[in-house]
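In: Generate coordinates for the sequence data below:
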Amino acid sequence: MLLGRHGRHAARRRVAGFTLIEVMVALAIVAMALAAGLRATQALAGNAERLEEVTAAQWCADNHLTELRLTKTFPGTGQAEFRCEQLGRAYLGRLVVRPAGFNPDFRQLQATVYREDGVALVTLTTLAYRLW
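Out: I've put the predicted structure just below:
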């Protein structure tokens, strides 16, 4: 079957290339995938920053409790404030000391570390005992 000049071009035009609708759908899919990837990247960056901040705060609390242990200080009950700097950030801390049960030779120490804006980041609790 012979087709004229116009018939051959019409057949070729249908086979070659994509329609505008197909291109627009493909672009929309790629845009959604890129947006989802960007959100995931931002979430990972935020989580890494939060983990760094909480880890530094935990070091502050642990250092303060360790200092009490190493100096063999048996703290009296009550509250005390302390400050700490880790990874270039300043933190505020509060040490709460309570009696631990019925034995007067034991104390419960609870160190809470806060950001400068007052948000609590970490709380560590331990027992201290009096050495004779």
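In: Can you name the residues that contact residue 76?
Out: Residues near residue 76 by Cβ atoms under 8 Å, 6 or more residues apart in numbering: residue 97. (Each C-beta comes from the backbone N, C-alpha and C, glycine too.)
In: Assign a three-state SS to it, would you?
Out: Secondary structure, DSSP: H, G, I helix; E, B strand; the rest coil: residue 76 is coil.
In: Tell me how far it lies from residue 32.
Out: 61 Å (Cβ to Cβ, to the nearest Å).
In: okay, the closest residue to residue 90 other than its chain neighbours: pLDDT?
Out: Closest residue to residue 90 apart from its sequence neighbours, by Cβ to Cβ, 6 or more residues apart in numbering: residue 116 at 6.1 Å. At residue 116, the predicted lDDT confidence score is 87.
In: Quick check: phi and psi on residue 116?
Out: Main-chain torsions, residue 116, degrees, to the nearest 10: phi -60, psi -20.
In: pretty sure it is touching residue 92, no?
Out: Yes - taking Cβ atoms under 8 Å as the definition, residue 116 is a contact partner of residue 92 at 6.6 Å.
In: quick one, which of the two is more surrounded?
Out: residue 92 (19 against 9; other Cβ atoms under 10 Å).
In: how about the helices of this structure, start to end?
Out: Per DSSP state H, the chain carries helices over the ranges 5-15, 20-70.
In: Could you export these to TSV, including columns for distance to residue 104?
Out: As requested, the helices of the chain are arranged in TSV below (distance: least, Cβ to Cβ, whole Å):
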stretch	distance to residue 104
helix 5-15	93
helix 20-70	18
